[in-house]
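>>> sequence and predicted structure below; questions after.
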Amino acid sequence: TAGDIEVSATASASVTSDATAEGTVGFGDASTMGVSDASASIAAEAVGIDGGSGDDEINANQRVNVASETSGNVTSTSRSTADVTFGSASSGTVSDASVDVQAAATGVDGGLGADDISIGSLFDVSATSDGTVVSNAQSDADSDFGSASSSSISDASASRRVSTVGVDGGAGADEIEVAVAAELLAQSRSTGSVETLSYANADAGLFGDAYAGTATAASSEGAASAAGIIGGDDTDTIRNFGSLSADADATLTITSTAISIADSTFGDAFAGAASDTTIAGRATASGITGDGGADEIETQGKLSVNAAAVTDVQQVTVALADSTFGSANTVAGSRNTSRGAVVAAGIEGGDGGDTITAGGQIAVAGASDVTVNSLTVSGSGPASSDAQTLATADVSGIDGGDGDDDISGMGEILVAAAPHVGVANRT
């Protein structure tokens, strides 16, 4: 290539669903139900240079920029009210929102055959995905002289996956080189938030019973992977004399709220609230990967690899009931599962007996951070909460993989792994 190459793929979607149910009766019963559902699936893929099948010679001596970007915003809202003077009032809501977002970017795809690929200038490859999901369910039942029942269910989920490869040799005995003046960048970023709210209020006024129940479910999954050079199958020769970096970042948040309130004067009142959240973030980054075959890998330049996974959960579950002359009972329960994992390697030999020479600087860092802040309140009854958390960081400077390898490290190798868990669980 003699001129600059700019390749970009962008996909986005915004979906909104809104449902409202209302019922007002003077004498008699009223029953209302609101149901709302919204979802989106978005994908984008960008490839700078595709060698296809056969033995190719690819010389990228000018600036190459390949970017893939996806975003999805989904909102689902359901509201229901039932208002009765003399009679019973019943109100219910269900809201569901989900999004699936994928982005992939490849700078050079050698494909099949024995390819000769050289990078001689700035080579920037990036993929980003972002997804925001909001599910809101609110129910209100009110009877002045009768019973009141209110229920609300809210579910929100998101899945985000991004992958970036600077140079993928593919199958065949490939020769891949990053020149002295070249800079190869591979970056992946997956971000997004999930918000779910479930609210139910039952007011029985004077003589009826009041029941309120809420349930929320929220899940978020994000995976980001970045690789500078992948040799692929067969015996490959990979050399880095310039600057090569691979960065992967997965940052996810969940906000979950479940509130139920029941009130009666002469009748009984009961309120129940439950919430369940699941979050998993994974980031994988590698500088040079030989894959299968007896590969020859050499780096005399600078090799930088970073992987970070951050998850954050804010969870509130509340059940309150009050009766002046009757019984008042509540129950509240919350559960959370949080995972954060990173895998980072400067050089991976893969299968086969590889020869690896590291003469330049190799810096590899991996950090996973898991945070949970949960509050569970039951005003007149039992409350329970459970939080399961795990943060892992698997970081290596040089990983020979399977086979009998010959590894020579003459340069500086810096490796840092930092897993962290922070939990505040109050009941």
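Right, received. Where do you want to start? Residues are numbered from 1 along each chain as shown.
>>> who are the packing partners of the helix or strand where residue 306 lies?
Per DSSP states H and E: residue 306 is located in strand 302-323. The contact analysis (3 or more C-beta pairs under 8 Å, 6 or more residues apart in numbering; DSSP states H and E) places strand 302-323 against strand 210-230, strand 243-264, strand 269-289, strand 328-348, strand 361-378, strand 383-399. Where C-beta positions appear, they are placed from N, C-alpha and C, glycine not excepted.
>>> dump it to CSV, restricted to CA.
Coordinates of the C-alpha atoms in strand 302-323 are reproduced here as CSV (Å, rounded to 0.1, in the frame of the first residue of the first chain):
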residue,chain,number,x,y,z
LYS,A,302,8.9,-2.4,22.5
LEU,A,303,6.1,-4.7,23.5
SER,A,304,3.2,-3.4,25.7
VAL,A,305,0.2,-5.4,26.8
ASN,A,306,-2.6,-4.3,29.1
ALA,A,307,-5.9,-5.9,30.2
ALA,A,308,-8.5,-4.5,32.6
ALA,A,309,-11.9,-5.8,33.8
VAL,A,310,-14.0,-3.6,36.0
THR,A,311,-17.5,-4.5,37.3
ASP,A,312,-19.7,-2.5,39.7
VAL,A,313,-23.0,-3.4,41.2
GLN,A,314,-25.3,-1.1,43.2
GLN,A,315,-28.3,-3.1,44.6
VAL,A,316,-31.2,-1.9,46.8
THR,A,317,-34.0,-4.2,47.9
VAL,A,318,-36.7,-2.8,50.3
ALA,A,319,-40.0,-4.2,51.6
LEU,A,320,-42.2,-2.1,54.0
ALA,A,321,-45.6,-2.8,55.4
ASP,A,322,-47.8,-0.9,57.9
SER,A,323,-51.3,-1.6,59.4
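>>> how far away is residue 391 from residue 225?
To residue 225, residue 391 is 18 Å away according to C-beta to C-beta, to the nearest Å.
>>> where does this protein dip in pLDDT?
1-2 (pLDDT under 70).
>>> ok so, going back, quick one: the strand holding residue 306 to strand 269-289, angle?
Angle of strand 302-323 versus strand 269-289, following axes from the mean of the first three to the mean of the last three C-alpha atoms, to 10 degrees, is 180 degrees.
>>> mind listing what's buried along strand 302-323?
302-323 (16 or more other C-beta atoms under 10 Å).
>>> what about residue 11, distance to residue 71?
According to C-beta to C-beta, residue 11 and residue 71 sit 8 Å apart.
>>> who's more crowded, those two?
residue 71 (23 against 18; other C-beta atoms under 10 Å).
>>> same list, the helices and strands packed on strand 302-323, but as a markdown table with mean neighbour count please.
What follows is the helices and strands packed on strand 302-323, written out as a markdown table (neighbours: other C-beta atoms under 10 Å):
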| stretch | mean neighbour count |
| --- | --- |
| strand 210-230 | 27 |
| strand 243-264 | 26 |
| strand 269-289 | 27 |
| strand 328-348 | 24 |
| strand 361-378 | 22 |
| strand 383-399 | 18 |
